[in-house]
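S.K.: how would this look folded up:
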Amino acid sequence: MQETMLYQSKTMKFNVVGNNDIVIVKRMYEQNYYKFPERMDGMNVIDIGAHIGAVAILCAERGANVWAFEPTKRTFECFKKNVEQNNLQDKIKIFNLAVGNKGMRELYVDTGPIVTGK
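M.R.: Here you go, the predicted structure:
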C-alpha cells in the first residue's frame, strides 16, 4: 500500500494518500461542498464508494448513523484508519465490498501508484 500522510481538518484527522485526497477533505470540511445539514441526528446515511471516508465521517460527526462501502482494499484500509482515529466506530459501519445488482460482475481496480499533482 502507498504510504499515507496525516491531514488535520478543523475537527477531524484524516490519513490521505495525496493531494487529491486533501482536496476532497477540504471540500467537505471547509466548503460544505454537498450542503449537508449542520445537524444530522438520527439520520441514516448509506455511502457507496466511500473512498477515504470524508463524507461518511462528516455525516457521523454531525450525528448520522452511516453504513459505508468501499471495494478497493488499499482505500478501504485508509478509510478504516480514519474511522478509528476519529473514534467513530459506533457511528460508522464499514464494509470492504462493492454494491450493485445481484449476480457476478467484474470490478476494475487500478492497482498502480496513485499519482497526485501539486
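
S.K.: going forward, measure contacts and count neighbours with C-alpha atoms only.
M.R.: Noted.

S.K.: List the residues that contact G49.
M.R.: Contacts of G49 were listed using C-alpha atoms under 8 Å, 6 or more residues apart in numbering, and they are A68, F69, E70, P71, A98.

S.K.: any idea how far it is from A98?
M.R.: According to C-alpha to C-alpha, to the nearest Å, G49 and A98 sit 8 Å apart.

S.K.: Overlap in contacts, those two.
M.R.: Between them, G49 and A98 share these contacting residues under C-alpha under 8 Å, 6+ apart: F69, E70, P71.

S.K.: sorry, back to before: of the contacts of G49, which count as buried by neighbour count?
M.R.: When neighbours are counted using 16 or more other C-alpha atoms under 10 Å, the contacts of G49 contain these buried positions: A68, F69, E70, P71.

S.K.: Now do the strands in this structure.
M.R.: 5-8, 13-16, 44-48, 65-69, 92-95 (DSSP state E).

S.K.: Give me the residue ranges of this protein where confidence is low.
M.R.: 1-3, 109-118 (pLDDT under 70).

S.K.: All set now, cheers.
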